[in-house]
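[1] Fold the following and give me the result.
(one chain, ligands or ions: 1)
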Amino acid sequence: MRKLLLSTVVLATSLFAVDGYEVYKKNCKVCHVEMMSKEYALKHINELSAPPMVEVSARLKENIKTTDEEDDVDRHLFILFVKDYITHPNLDYSMCNAGAIEKFGTMPPLKAKLSEAEKQAVAEWLYDRYENAQF
Ligand code: HEC
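    Numbers count the residues shown, from 1 in each chain. Here you go, the predicted structure:
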């Protein structure tokens, strides 16, 4: 019985586990291109409606830095920031550079209402996806 219960729990968690990349593709990709070089982005800026995700991730990592030696604290703060920003986008605390804000305007609040698990998953994805990427 215990075994059965355990396997049911495992199955249920894997069924409901949220894939951050899927959340991105469904809710963010229309505006934020996943990967692009800086040169390409600058050349094609007029075709973009938001900064590419690789740039968003790099900029936030540049800005959200504590003196803690491990990355875990910075990653945690990054995730908290992203979850909050996509819930309440606000020019006052956007870390986008002024030129980008002028070009793109503030991010509109998301049309779809994301669950807490979806926000968490997409924020984690945004950090981890670009672990070794540069912009
Ligand atoms: C309708 C277009 C649109 C959609 C959809 C969209 N964004 Fe954005 N986003 C923007 C624009 C424009 C900006 C740049 C201006 C700003 O910082 O608000 C931006 C900026 C951001 C920033 C940077 C904030 C900063 O301080 O630099 C994050 C993080 C972000 N978006 C995450 C997401 C995530 C995650 C999703 C999907 C769940 C998403 N966005 C969906 C348009 C969009």
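
[2] At which residues are the helices of the chain located?
    Along the chain, the segments classed as helices by DSSP state H run 2-16, 20-27, 38-43, 53-63, 72-87, 98-104, 116-128.

[3] ok, residues contacting the third one?
    Contacts with helix 38-43, where a contact means CB atoms under 8 Å, 6 or more residues apart in numbering, come from L48, P51, P52, E55, F135. C-beta: built from backbone N, CA, C; applies to glycine.

[4] Who are the contact partners of the last one?
    Same thing as F135. S37, K38, P52, V54, E55, S57, A58.

[5] Without its sequence neighbours, what residue ends up closest to it?
    Nearest in space to F135, with sequence neighbours left out and distances taken as CB to CB, 6 or more residues apart in numbering, is A58 at 4.3 Å.

[6] pretty sure that neighbour is in contact with E131, am I right?
    No. Shown here, A58 and E131 do not form a contact pair, counting by CB atoms under 8 Å, at 11.1 Å.
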